[in-house]
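Chemist: next comes the sequence, and after it the predicted model I'd like to discuss.
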Amino acid sequence: MTRNRLKKTPLHERHLAAGAKTADFGGWDMPIEYAGVVAEHTAVRTAVGIFDVSHMGKVRVHGQGAVEFINTLLTNDLDRVGDGHAQYSMLCNDAGGVVDDLIVYRWSSDEVFIIPNASNAANVVAELRAAAPAGISVDDHHDDHGIIAVQGPNSRALIESMGMPADHEYMSMVRTEFRGEPVIVCRTGYTGEHGYELVAPVSVLVELWDALLSRRDEFGVLRAGLGARDTLRTEMGYPLHGQDISPEITPIEAGLGWAVAWKKPEFAGHDALRQQLADGPSRRLRGLLSLDRGIPRPHMQVRRVSKEPLAGDVIGEVTSGTFSPTLKKGIALALLDVSVALGDEVVVDVRGRESRFTVVKPPFVGPSTR
């Protein structure tokens with residue numbers, strides 16, 4: 001898609017003025033980096049980084065029995081959490097593949113707010129509307145609300161300095177105001193650090209961004225792009241839709257069975273997933289930690305160790321791979337044959353060169369979200 005046809009968030013001009021490098025992400029022209037991925041990554045781990053994630057979808061589902069309706073479609077069970085709490089869940093297809101993974105915010109039994117991925121938002125809205133019974137409304141707020149992620153050890157102090165509540169527990173949310181407009185302060189994030197996601201009307205989004213940045217000297221606030229967001233989430237082992245999960249990759253294969261409520265009578269894709277659970281998957285998402293200087297990238301082949309370079313059997317493929325700024329070495333998520341065990345040594349074909357890795361269980365870096 002050409003640059004002038006890409007969608008832009010309300011903060012786009014702010015990003016350009018700050019010298020951001022931008023690129024197509026899910027059909028949106030998004031900032032990838034400002035000061036550099038490593039600097040932005042480090043700011044989130046040590047102080048606080050702010051991300052424009054307004055490209056993510058925003059969907060309000062309301063009406064009598066909204067939670068009951070959502071529970072017939074998504075894998076997880078909203079009855080496991082109380083009002084005012086959030087839950088990670090997935091929408092699957094009939095084959096058990098992941099149409100999208102998303103966060104569901106439960107306000108009451110009759111109202112939920114859903115954040116799907118940017119490129120999947122329209123599909124999620126369409127599927128919800130097609131399945132919704134009379135009395136249930138599905139409102140698409142993709143273009144009239146934005147989201148700013150505030151992530152890092154200084155995030156709570158930063159939020160509170162602006163007069164907004166920030167002392168609520170992980171995976172919960174509260175309603176508040178900024179400049180007279182309603183804002184949702186969600187104790188969620190995609191970095192593994194203590195953090196928040198602020199959902200606000202576009203009418204005050206630029207002012208909110210500027211207000212956060214105005215406190216840069218006091219709290220060490222740094223703008224962060226999607227490049228740092230990717231290295232941060234990979235260090236946590238958090239999956240990215242379209243790479244680590246997809247319509248062809250199931251929650252079981254991705255190690256996300258904990259987000260499937262197996263005792264529910266129904267949800268989209270339940271027959272296929274229950275069959276795969278009974279039979280066992282043929283592949284599993286694992287972590288790879290470099291034993292040398294190799295930097296893995298998506299789609300690189302993973303092989304068994306052999307006496308001849310790159311002659312071992314192909315046992316999988318890297319789905320996400322990067323240099324870890326925290327560990328100072330290459331890390332990856334990879335779909336591997338189930339015969340591969342934790343602790344095994346494997347090799348990755350890094351542009352025709354054999355690079356050695358150990359199979360590990362993520363996260364690569366201990367989370368401090370709570």
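Modeler: Received the coordinates, thanks.

Chemist: what about residue 22, which SS state?
Modeler: At residue 22 the chain is in strand, as set by DSSP: H, G, I helix; E, B strand; the rest coil.

Chemist: in this structure it contacts residue 32, no?
Modeler: Yes. With the criterion set as C-beta atoms under 8 Å, residue 22 and residue 32 qualify as a contacting pair; they are 6.4 Å apart. In this view, the C-beta of every residue, glycine as well, is placed from N, C-alpha and C.

Chemist: need the overlap of contacts for these two.
Modeler: By the contact definition C-beta atoms under 8 Å, 6 or more residues apart in numbering, residue 22 and residue 32 are jointly contacted by no residue.

Chemist: near residue 328, how many other residues are there?
Modeler: By other C-beta atoms under 10 Å, the residues close to residue 328 number 9.

Chemist: go on, residue 341?
Modeler: Here the number of neighbours of residue 341 (other C-beta under 10 Å) works out to 9.

Chemist: any idea how far residue 326 is from it?
Modeler: With the distance defined as C-beta to C-beta, to the nearest Å, residue 341 ends up 25 Å from residue 326.

Chemist: same question, residue 180
Modeler: For residue 180, the distance to residue 326 under the criterion C-beta to C-beta works out to 40 Å.

Chemist: and residue 317, by the same measure?
Modeler: Taking C-beta to C-beta as the measure, residue 317 falls 25 Å from residue 326.

Chemist: one more: residue 152?
Modeler: In this view, residue 152 and residue 326 are 13 Å apart by C-beta to C-beta.

Chemist: same check on residue 100?
Modeler: 28 Å.

Chemist: who's more crowded, these two?
Modeler: A side-by-side neighbour count of residue 100 and residue 326, using other C-beta under 10 Å, places residue 100 first with 24 against 17.

Chemist: what about that one, which SS state?
Modeler: Counting by three-state DSSP, the backbone at residue 100 sits in strand.

Chemist: what of residue 192?
Modeler: Reduced to three states with three-state DSSP, the structure at residue 192 is coil.

Chemist: same question for residue 138.
Modeler: Secondary structure state of residue 138, per three-state DSSP, is strand.

Chemist: surely it and residue 130 touch.
Modeler: No. At 9.4 Å, residue 138 and residue 130 do not qualify as touching, with contact defined as C-beta under 8 Å.

Chemist: neighbour-wise, which of the two wins?
Modeler: residue 138 (21 against 8).

Chemist: mind listing what the more buried one touches?
Modeler: Neighbour list for residue 138: 59, 60, 61, 125, 128, 129, 132 [criterion: C-beta under 8 Å, 6+ apart].

Chemist: and it, how far is that from residue 252?
Modeler: In this structure, residue 138 lies at 28 Å from residue 252, with C-beta to C-beta as the measure.

Chemist: likewise for residue 187?
Modeler: 28 Å.

Chemist: surely residue 15 is within a helix?
Modeler: Yes. Judged by three-state DSSP, residue 15 forms part of a helix.

Chemist: look up how far residue 56 lies from it.
Modeler: Computed as C-beta to C-beta, the residue 15 to residue 56 distance reads 16 Å.

Chemist: what of residue 355?
Modeler: Residue 355 is 34 Å from residue 56, by C-beta to C-beta.

Chemist: so between these two, which is more surrounded?
Modeler: Of the pair residue 355 and residue 56, residue 56 is the one with more neighbours under other C-beta under 10 Å, namely 24 against 20.

Chemist: now list the buried members of the contacts of residue 138.
Modeler: The neighbour-count criterion (16 or more other C-beta atoms under 10 Å) marks 59, 60, 61, 125, 128, 132 among the contacts of residue 138 as buried.

Chemist: of those, which belong to helices?
Modeler: Taking DSSP state H as the definition of helices, the buried ones among the contacts of residue 138 contribute 125, 128.

Chemist: give me phi/psi at residue 347?
Modeler: Main-chain torsions, residue 347, degrees, to the nearest 10: phi -120, psi 150.

Chemist: thinking again about what came up before, how about the buried ones among the contacts of residue 138 in CSV, adding distance to residue 295?
Modeler: As requested, the buried ones among the contacts of residue 138 are exported to CSV (distance: C-beta to C-beta, whole Å):
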residue, distance to residue 295
59, 37
60, 41
61, 42
125, 37
128, 39
132, 45
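
Chemist: which one of the buried ones among the contacts of residue 138 is nearest to residue 271?
Modeler: The shortest gap between residue 271 and any of the buried ones among the contacts of residue 138 belongs to residue 128, at 20.3 Å (C-beta to C-beta).

Chemist: tell me what the closest residue to that closest one other than its chain neighbours is bridged to.
Modeler: The shortest distance from residue 128 to any residue other than its chain neighbours is 4.6 Å, reached at residue 138 (C-beta to C-beta, 6 or more residues apart in numbering). Note on residue 138: beta-bridge partners residue 61, judged by DSSP bridges.
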